[in-house]
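S.K.: here is my input; please provide its structure:
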Amino acid sequence: MRSGVRLASGPGFVVHAVTCVDDHRGWSPVEVGSAHQLVLVRRGRFRRMADGRGAVVDPAMAYLSLPGQEERFAHPAGGDVCTVLRLTPRLWDILAGGRGRPARSTLYVDARLDLAHRRLLAATGSGDPAYELTEALLPLLATALDRAAPPPSVSGGSRRTGPTAGTLVDAAREAIASGHEAAGGLVTLAELLSVSPYRLSRAFTSELGVSLTHYRNRVRVGRALDRLEAGEESLARLAADLGFADQAHLTRTIRHHCGHTPAVLRRLLSRAGVGPRTPPEAGSA
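M.R.: Numbers count the residues shown, from 1 in each chain. Below is the predicted model:
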């Protein structure tokens with residue numbers, strides 16, 4: 001028996017926690033994959049048969065499930081708990097980059113990939129699916145797709161073309177600053193700039209030393225400070241206007257960047273605004 005809980009969703013993906021309590025050594029009836037999925041085991045182990053190949057799946061071995069792929073499962077060790085990342089065909093195509101069908105469906109989960117999995121689970125509660133959750137998802141998927149990719153062609157390889165990291169960062173910053181509609185999410189912003197989301201995310205880290213999520217939040221915090229300084233009283237309205245999930249998300253982000261809550265900042269900025277805005281006339285007391 002299998003049950004699932006939806007943990008979070010973002011642009012083109014859904015994250016589920018799936019619990020299976022089956023306990024049987026024999027193979028299950030054939031199941032046909034209906035979506036592009038990456039499955040990572042959190043606890044337990046089981047066997048999977050796909051494309052005529054059997055494999056033991058556990059916390060050190062994940063697998064990709066593809067549309068139309070025939071799968072069978074056996075659970076000789078009891079139940080298990082997995083994280084299932086389900087992608088739309090469009091997001092899969094963007095991330096796979098035209099690499100075609102993976103050469104293998106199972107992939108080794110080393111400590112780095114395990115950490116990326118845990119960071120993704122932590123990010124499901126961030127309240128920021130368009131950026132923070134997506135940015136946590138990208139290293140996980142990029143690594144998984146690289147490990148499952150077909151071997152490179154022997155025709156000499158290819159050199160990366162396109163804009164430099166600095167050019168990408170400048171273009172992304174301009175889109176964010178101007179409030180471009182595509183800047184509402186990492187995936188759509190990458191599409192606007194004609195690069196992969198993973199490359200755009202890495203460009204920010206290499207050029208600015210901070211993540212794209214952090215940079216975008218820095219811009220939004222600056223706008224929030226402008227509004228608070230101007231006398232904005234409704235934090236709920238401010239959160240909605242600036243694209244935060246809710247007032248709590250706004251408060252957490254501002255505190256992280258400024259070290260103070262919006263209420264404290266409102267008082268500080270109000271005090272800073274008291275007094276003459278122009279120098280006093282000569283001779284005045």
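S.K.: according to the record, where do the domains of this structure fall?
M.R.: As recorded under automatic domain parsing, the domains making up the chain are 2-128, 165-272.
S.K.: ok, which of these comes nearest Leu141?
M.R.: In terms of CB to CB, the element of these nearest to Leu141 is domain 2-128, at 5.5 Å. Bear in mind the C-beta positions are built from the backbone N, C-alpha and C, glycine included.
S.K.: possible to save the domains of the chain as JSON lines with mean pLDDT, distance to Leu137 and mean neighbour count?
M.R.: Formatted as JSON lines, the domains of the chain follow (pLDDT from 0 to 100; distance: least, CB to CB, whole Å; neighbours: other CB atoms under 10 Å):
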{"stretch": "domain 2-128", "mean pLDDT": "89", "distance to Leu137": "6", "mean neighbour count": "16"}
{"stretch": "domain 165-272", "mean pLDDT": "91", "distance to Leu137": "9", "mean neighbour count": "17"}
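S.K.: can you redo those as a markdown table with distance to Ala149?
M.R.: Listed next are the domains of the chain as a markdown table, based on distance: least, CB to CB, whole Å:
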| stretch | distance to Ala149 |
| --- | --- |
| domain 2-128 | 5 |
| domain 165-272 | 14 |
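S.K.: of all these, which one is nearest Ala142?
M.R.: Evaluated with CB to CB, the domains of the chain place domain 165-272 nearest to Ala142, the distance being 4.6 Å.
S.K.: other SSEs contacting the longest helix seen in the chain?
M.R.: Using DSSP state H to assign secondary structure, the helix with the most residues in the chain is helix 212-229. Judged by 3 or more CB pairs under 8 Å, 6 or more residues apart in numbering; DSSP states H and E, helix 212-229 is in contact with helix 165-177, helix 197-208, helix 235-241, helix 247-258, helix 262-272.
S.K.: next, the angle helix 262-272 makes with it.
M.R.: Here the directions of helix 212-229 and helix 262-272 differ by 50 degrees (axes from the mean of the first three to the mean of the last three CA atoms, to 10 degrees).
S.K.: which SSE is Val57 in?
M.R.: According to DSSP states H and E, Val57 maps onto strand 53-57.
S.K.: got a list of contacts for that strand?
M.R.: Val39, Val41, Arg45, Phe46, Arg47, Arg48, Met49, Met61, Tyr63, Ser105, Thr106 (CB atoms under 8 Å, 6 or more residues apart in numbering).
S.K.: in three-state terms, label the spatially closest residue to the fifth one that is not a sequence neighbour for me.
M.R.: By the measure of CB to CB, 6 or more residues apart in numbering, the closest residue to Arg47 outside its immediate chain neighbours is Ala74, 4.3 Å from it. Using DSSP: H, G, I helix; E, B strand; the rest coil as the criterion, the local structure at Ala74 reads strand.
S.K.: contacts only, for Ala74.
M.R.: Applying CB under 8 Å, 6+ apart to Ala74 gives the contacts His24, Arg25, Gly26, Trp27, Ser28, Phe46, Arg47, Met49.
S.K.: can you rerun that using 10 Å?
M.R.: By CB atoms under 10 Å, 6 or more residues apart in numbering, Ala74 lies in contact with Asp22, His24, Arg25, Gly26, Trp27, Ser28, Phe46, Arg47, Arg48, Met49, Gly54, Val56.
S.K.: filter these down to just the ones in strands.
M.R.: The strands, defined by DSSP state E, take in Phe46, Arg47, Arg48, Met49, Gly54, Val56 from these.
S.K.: next SSE after the strand holding Val57?
M.R.: Per DSSP H and E, the first helix or strand lying C-terminal to strand 53-57 is strand 61-65.
S.K.: other residues contacting stretch 251-270?
M.R.: 126-128, 132, 213-214, 217-218, 220-222, 224-233, 235, 238-239, 242, 244-245, 247, 250.
S.K.: how long is that stretch from one end to the other?
M.R.: Stretch 251-270 has its terminal residues 18 Å apart, counting by CA to CA, to the nearest Å.
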